[in-house]
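# Here's a sequence, model it:
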Amino acid sequence: QLQLVESGGGLVQPGGSLRLSCTASGYTQYSYAIGWFRQAPGKGRAWVACISGRGGSTNYADSVKGRFTISKDNAKNTVFLQMNSLKPEDTAIYSCAAGWDCSRARSDYDRWGQGTQVTVSS
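Modelled structure (predicted):
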């Protein structure tokens, strides 16, 4: 069974950077698409970005476009989310999820990680 583990969260000042990692283990033979989602306090889970399993095409939410970059290292079964120019409104629990297509819809993802906290504050 595929399992996902996120890491790299923490506390950062506005304007700073963080790199999140999502490492897959278990049933990794297929090229899954990976999506990043975030949930801020008192809000629903929102899609952030995704990368396709084959070809590596990417897509971003308008709120992070130009600041966040999603990439992957197939040899390490790891997807990264590089977050630059962070803002207080980026504060949330960030979770990665695996699915068959790069999609904005939570329902298109079958496996989810536990999440990692990102706090942007001075």
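
# Now do the contacts for the residue nearest to Gln1 when sequence neighbours are not counted.
Spatial nearest neighbour of Gln1, chain neighbours left out: Gly26 (5.2 Å); criterion: Cβ to Cβ, 6 or more residues apart in numbering. C-beta here means a position set from N, CA and C on the backbone, and glycine is covered the same way. Taking Cβ atoms under 8 Å, 6 or more residues apart in numbering as the contact definition, Gly26 lies against Gln1, Leu2, Gln3.

# Check whether the last one really touches Tyr32, as I assumed.
To tie it back to what came earlier, the one meant is Gln3. No. Using Cβ atoms under 8 Å as the test, Gln3 is too far from Tyr32 to be in contact (11.9 Å).

# Tell me which of those two has more neighbours.
Shown here are Gln3 and Tyr32; by other Cβ atoms under 10 Å, Tyr32 has more neighbours (25 against 15).

# Can you pull up the most central residue in this structure?
Central residue of the chain (Cα atoms, centre = their mean): Trp36, 2.7 Å from the mean position.

# Please work out how many residues are found near the nearest residue to that residue once chain neighbours are set aside.
Closest residue to Trp36 apart from its sequence neighbours, by Cβ to Cβ, 6+ apart: Val48 at 4.3 Å. Close neighbours of Val48, defined as other Cβ under 10 Å, add up to 25.

# Val48: helix or strand, and which one exactly?
Taking DSSP states H and E as the criterion, the element that holds Val48 is strand 45-51.

# Can you name every helix or strand that that strand contacts?
The contact analysis (3 or more Cβ pairs under 8 Å, 6 or more residues apart in numbering; DSSP states H and E) places strand 45-51 against strand 33-39, strand 58-60, strand 68-73, strand 78-83, strand 92-99.
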